[in-house]
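>>> the amino acid sequence is not available; the structure is as follows:
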């Protein structure tokens with residue numbers, strides 16, 4: 001077996017983790033035990049659903065959430081029409 005093949009296969013096999021309290025334990029085993037302890041303390045399962053707050057957050061939750069709708073497109077068109085008419089009125093229609 002070539003050196004490259006052995007090196008590639010060695011990355012697939014996890015290291016044997018000895019007890020960090022064992023006499024003469026390798027320093028790598030102590031570091032690995034710290035990593036294992038860190039990952040054991042992390043929460044498991046799906047993340048809790050975040051409650052939407054604020055005007056924009058509630059709008060996004062309502063129209064882009066679990067049941068998306070086409071209303072944001074209609075709202076954007078209406079907003080553009082209102083802004084466009086306001087500009088036309090200010091620059092042309094009021095005179």
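Arrived safely. Treat the numbers as computed from the prediction; the structure is a model and nothing was measured. Residues are numbered from 1 along each chain as shown.
>>> off-centre distance for the helix or strand encompassing residue 62?
According to DSSP states H and E, residue 62 maps onto helix 54-64. Relative to the chain's own centre, helix 54-64 is displaced by 19 Å; criterion: Cα atoms, centre = their mean, to the nearest Å.
>>> now do stretch 53-60
The answer for stretch 53-60 is 19 Å, by Cα atoms, centre = their mean.
>>> work out which residue lies at the spatial centre of this structure.
Centroid-nearest residue in the chain, with Cα atoms, centre = their mean: residue 47, separated by 10.5 Å.
>>> pLDDT score assigned to that one?
Looking at residue 47, its pLDDT is 85.
>>> any idea how far residue 39 is from residue 33?
11 Å (Cβ to Cβ, to the nearest Å). Placement of C-beta: from N, CA and C, glycine included.
>>> which of the two has more neighbours?
residue 33 (16 against 8; other Cβ atoms under 10 Å).
>>> is that one within a helix or a strand, and which one?
Residue 33 belongs to helix 27-41, assigned by DSSP H and E.
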